[in-house]
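K.L.:
okay, here's the prediction I keep looking at, along with the sequence it came from:
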Amino acid sequence: MDKGRPIEIKLIPGKKAYFTSDQHLGAPNVISSREREKIFVNFLEQIKHDAQILFLLGDLFDFWHEYKTVVPKGFVRVLGKLAELSDSGVKIYFFTGNHDLWMRDYLQKELAVTIFIEEQTFIINNKSFFVAHGDGLGPGDQGYKRMKKLFTNPVARWFFRWLHPDIGVALGNYLSRKNKLISGEEDIKFLGEDHEWLIVFSKEKLIEKHYDYFVYGHRHLPMDLLIGKDKNSHYVNLGDWVTYYTYAVFDRGNLHLQTFK
């Protein structure tokens, strides 16, 4: 079931919508993260002149937790650039991922970013989009789904907030940085349409309703595949900014995957 009514967007002539995800800033270490952060900030600088909307599809940070008056240290370059884009009129939509699912209202209050914690549909220039980070969607991965329910449980979040930030953030960073995708210990391979959970999920959604584009992060593998009975719907995974430095841009009625160089 769709989460709310579709948000309708009409792009101004000459303006574009950009989609990006999985920067995992903070991992695997400060030096590597800082280098990738600068690259991503350069990307944001490049698009600021023609971007009308920027979709951030989760895991911008490898770990993020907001206490009532404290947020994780660092990331001033990317936060400053996002503030600049927002102040200049670029609309920013942020979909929480599995690494920054404890985001609350800091970016909303400081940067006027709209936060989504679940999937959302959009109509952009008469094209229909189903947008989500992608974690927990589709069949399988029951262990993660149970863990996500625990991590998003209000009682569990309340107890975690009582940890001193030095302890809570250190613990969160330790657990997040054990991610083999980020350390390079896990080789990401396409599993085939019948075994890629997000593709299976998207095909099931098409039975209910047609979407021109399904756009996800999470998988870390850039893909643009035609799916559906008539092969007229696109499954798009945005890849990441750890290995691929890929993003998607919607312009003149079409969505294209691109690599930032």
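P.N.:
Yep, that arrived.

K.L.:
can you pull out the strands in the stretch 1-150 of the chain?
P.N.:
Per DSSP state E, counting those that start in this stretch, the stretch 1-150 of the chain carries strands over the ranges 7-9, 16-20, 51-56, 91-95, 114-116, 120-124, 127-132.

K.L.:
and of those, who's closest to Gly26?
P.N.:
Among these, the nearest to Gly26 by C-beta to C-beta is strand 51-56 (15.3 Å). All C-beta spots, glycine's among them, are computed from the backbone N, C-alpha and C.

K.L.:
SS state for Lys231?
P.N.:
Of the three states, Lys231 takes coil under DSSP: H, G, I helix; E, B strand; the rest coil.

K.L.:
check the one 10 residues further on too.
P.N.:
Here Trp241 is coil, with the state taken from three-state DSSP.

K.L.:
now stretch 203-212: buried residues?
P.N.:
With burial defined by 16 or more other C-beta atoms under 10 Å, the residues of stretch 203-212 counted as buried are Lys203, Lys205, Leu206, Tyr211, Asp212.

K.L.:
the first one touches Lys229, doesn't it?
P.N.:
No: Lys203 is not in contact with Lys229 according to C-beta atoms under 8 Å; the separation is 9.0 Å.

K.L.:
anything in contact with each of the two?
P.N.:
Both Lys203 and Lys229 lack any common contacting residue under the criterion C-beta atoms under 8 Å, 6 or more residues apart in numbering.

K.L.:
which element is the residue lying closest to Asn232 once chain neighbours are set aside on?
P.N.:
In space, Asn232 comes closest to Leu226 once its chain neighbours are excluded; the distance is 7.2 Å by C-beta to C-beta, 6 or more residues apart in numbering. Using DSSP states H and E, Leu226 falls within strand 223-227.

K.L.:
pull out the buried residues from that strand.
P.N.:
Going by neighbour count (16+ other C-beta under 10 Å), the buried part of strand 223-227 is Met223, Leu225, Ile227.
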